[in-house]
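Visitor: what's the 3D shape of this:
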Amino acid sequence: VQLVESGGGPVQAGGSLRLSCAASEWTFNNYNMGWFRQAPGKEREFVVGLWYTGSRTYYSDSVKGRFTISRDNAENTVYLQMNSLKPEDTAVYYCATKRRQSVWTPALSDAYDYWGQGTQVTVSS
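Guide: Next up is the predicted model:
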């Protein structure tokens, strides 16, 4: 499985971006998905997780109400809509995935087997 993120770039505070994560192969209804981010000098941080059925989402408190995860099964693509961006959202954003499990802790990096290369998001004040 290969994941390719896109959609990052520079944006002013208060603006929006939509990140995409395209998968080389699989069907979304068998894989859990997640987005993480890593700012310079900081550890990787959980952003959002999506249960393989698409029925449950898990957001970090720092992005809740501003970011939205969605997926397009036909396009094998997961999206991260980011609104009301803040300078502290500046980071490299990664998507990740793991085949569905009965027990899954989306906020843990170890809960994922496959990672994309990341896309840079830079929010200026």
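Visitor: strands of the protein, start to end?
Guide: Ranges of strands within the chain are 3-6, 9-12, 17-23, 31-38, 45-50, 57-59, 67-72, 77-82, 91-99, 114-115, 119-124, based on DSSP state E.
Visitor: mind checking how far the residue nearest the centre of the chain is from T90?
Guide: Nearest residue to the geometric centre of the chain (C-alpha atoms, centre = their mean): W35, 2.3 Å. From W35 across to T90, the span is 15 Å (C-beta to C-beta, to the nearest Å). Backbone N, C-alpha and C define where each C-beta goes, glycine included.
Visitor: how about low-confidence regions in the protein?
Guide: 26-28 (pLDDT under 70).
Visitor: possible to save the strands of the chain as a markdown table with distance to A107?
Guide: Converted to a markdown table, the strands of the chain look like this (distance: least, C-beta to C-beta, whole Å):
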| stretch | distance to A107 |
| --- | --- |
| strand 3-6 | 18 |
| strand 9-12 | 25 |
| strand 17-23 | 18 |
| strand 31-38 | 8 |
| strand 45-50 | 4 |
| strand 57-59 | 7 |
| strand 67-72 | 14 |
| strand 77-82 | 16 |
| strand 91-99 | 12 |
| strand 114-115 | 15 |
| strand 119-124 | 20 |
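Visitor: identify each buried residue in stretch 35-53, please.
Guide: Within stretch 35-53, the residues scored as buried using 16 or more other C-beta atoms under 10 Å are 35-37, 45-50, 52.
Visitor: and the residues you listed, which is closest to T105?
Guide: When these are ranked by distance to T105 (C-beta to C-beta), G49 comes first, at 8.7 Å.
Visitor: what about the closest residue in space to the closest one that isn't next to it in sequence, neighbour count?
Guide: Excluding its sequence neighbours, the residue lying closest to G49 (C-beta to C-beta, 6 or more residues apart in numbering) is P106, at 2.7 Å. Neighbourhood size, P106 [other C-beta atoms under 10 Å]: 24.
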